[in-house]
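Novice: okay, predicted coordinates and the sequence, questions at the end:
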Amino acid sequence: VLTGDLLETAALSRKGLVVLVVAILGALRGDPPATYPNALWIGTEWTYAETDAAAIEQLADQLRAHQIGRVYAWVSWLQGDDTWRGEENFENVRAFVAALREVYPEVELHGWLGLPTDLGGAGRFGAAELQSEVAGFSRRVIDEFGFDGVFLNAEPVWNGDESYLALLRAVRAEVGIDTPISTAIPPDWSPLDATIPVPPLITPGTEWSTEYKQSVALLVDELAIMAYSSGLSSIDDYTIWVAYQVEVFARAVAALRTDTRITIGVPTYDAEPPGHDPAVENIVSAVAGVRLGLQQAGTAADYFNGLAIYAGWTTTDEEWADFRRLWVEGR
């Protein structure tokens, strides 16, 4: 018969043994590390090309080095005749997904679908048949192509567009609650009541209401705010404008107390006048704007989930270095 002290000692020994066994099993199982917070758009230069194992391994190394854990990889866009472009390349898309996952298993891959809303007239996605088409193809992206989630890039989407909400509901119903849906979201181009610089070429009041932002956020897992093509000509003005996007979207989502997060798209693409001037809109000025916006957002900044570089095919070595120095190492 054991005394009380001996019983306590034996219990502690058993507890220590259990902890040790759990630790050993966890190490043997090789649980993957948490997904890095940042994201990158990549195009057909990867997904439609023949698989190059060495190049894909270099891509994986680059993603890890810059803490990029989500990739929006191009799949297709819905053409004016309501068919999907590039079907002859879909086998290469599948091969790319499998190859990248082999060397970077913890990456989260989202199949990028282009959805022009102005082909065939206004309110294109108000038709139930087209909503069903997009939802069904989104399911294919997961089941047949092997992606973790789907990235919906519908443009343009104006404030209060009910057909867009109906489209998101259709996709969610098709892919299920556990499949990540991310969406490209227009910035508040020229908010009426904000004391920030507004683009001179864009109609005042071109923004989403808080209610509409929240309606979209309740249907998806990630809002990727396209914080570029502002048309601004001053670096300081652009920085303040980006900060505003961070703050208002973060506050809108935070008020819902949902699992949805926001990501801020930052530009590395070539000049596209009059909307985008790389001397004004670039990694340096965008990161400065994001940092300011996170400060302004207060506790709502908890709903921020990193930066997304647009785009992989235009990012130079210097821009990668700026991203790593100012964002990855400078946080």
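Specialist: Yep, that arrived.
Novice: could you find the closest non-adjacent residue to Y228?
Specialist: Of all residues not flanking Y228 in the chain, P267 sits nearest, at 3.8 Å (Cβ to Cβ, 6 or more residues apart in numbering). For every residue, glycine as well, the C-beta is placed using N, CA and C.
Novice: next, count neighbours for that neighbour.
Specialist: When counting by other Cβ atoms under 10 Å, one arrives at 27 neighbours for P267.
Novice: that one contacts E281, correct?
Specialist: Yes. Assessed by Cβ atoms under 8 Å, P267 is found in contact with E281 at 4.9 Å.
Novice: re the thing from before, hey, what's the residue nearest to Y228 bridged with?
Specialist: When assigned by DSSP bridges, P267 has beta-bridge partners Y310.
Novice: who's in contact with S138?
Specialist: Residues near S138 by Cβ atoms under 8 Å, 6 or more residues apart in numbering: G111, L113, V150, L152, V171, E174, V175, I181.
Novice: phi, psi for L40 please.
Specialist: Main-chain torsions, L40, degrees, to the nearest 10: phi -150, psi 140.
Novice: pop out the phi and psi values for the residue most central in space within the chain.
Specialist: Residue closest to the average C-alpha location in the chain (Cα atoms, centre = their mean): A224, at 4.8 Å. Main-chain torsions, A224, degrees, to the nearest 10: phi -100, psi 100.
Novice: any idea of the pLDDT on it?
Specialist: According to the prediction, A224 has pLDDT 98.
Novice: quick one, phi/psi of the closest residue to it other than its chain neighbours?
Specialist: Nearest residue to A224 in three dimensions, chain neighbours excluded: T263, at 4.7 Å (Cβ to Cβ, 6+ apart). Main-chain dihedrals, T263, degrees, to the nearest 10: phi -120, psi 140.
Novice: go on, G306?
Specialist: phi 100, psi -180.
Novice: residues near it, how many?
Specialist: Neighbours of G306 (other Cβ under 10 Å): 21.
Novice: A301 now?
Specialist: When neighbours are defined as other Cβ under 10 Å, A301 has 17 of them.
Novice: got the contact list for it?
Specialist: V246, A250, L294, Q295.
Novice: please report how far the last one lies from A301.
Specialist: Pointing back at Q295 there. Per Cβ to Cβ, to the nearest Å, Q295 is found 8 Å from A301.
Novice: do P200 as well
Specialist: Distance from P200 to A301, counting by Cβ to Cβ: 30 Å.
Novice: which residue ranges of the stretch 201-331 of the chain form helices?
Specialist: Under the criterion DSSP state H, counting those that start in this stretch, the stretch 201-331 of the chain carries helices at the ranges 210-217, 235-254, 283-297, 317-323.
Novice: again with the stretch 51-200 of the chain
Specialist: Under DSSP H, counting those that start in this stretch, the stretch 51-200 of the chain gives helices at 53-65, 90-103, 128-143, 162-175.
Novice: thinking M226 is in contact with W189, fair?
Specialist: No. Using Cβ under 8 Å, M226 is not in contact with W189; the gap is 10.3 Å.
Novice: so which of those two has more stuff around it?
Specialist: W189 (21 against 18).
Novice: pLDDT score for the more buried one?
Specialist: pLDDT at W189 comes out at 93.
Novice: show me what contacts it?
Specialist: W189 is in contact with V198, P199, I202, T206, E207, S230, counting by Cβ under 8 Å, 6+ apart.
Novice: closest to P105 among the residues you listed?
Specialist: P105 has its nearest neighbour among the contacts of W189 in S230, at 37.4 Å by Cβ to Cβ.
Novice: need the contacts of W189 in TSV (columns: distance to V220).
Specialist: What follows is these, written out as TSV (distance: Cβ to Cβ, whole Å):
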residue	distance to V220
V198	27
P199	26
I202	25
T206	21
E207	19
S230	24
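Novice: quick check: the two most widely separated of those residues?
Specialist: Farthest pair in these, by Cβ to Cβ: E207 and S230, 12.8 Å.
Novice: who has more neighbours, these two?
Specialist: With neighbours defined as other Cβ under 10 Å, E207 and S230 compare such that S230 has more, 25 against 22.
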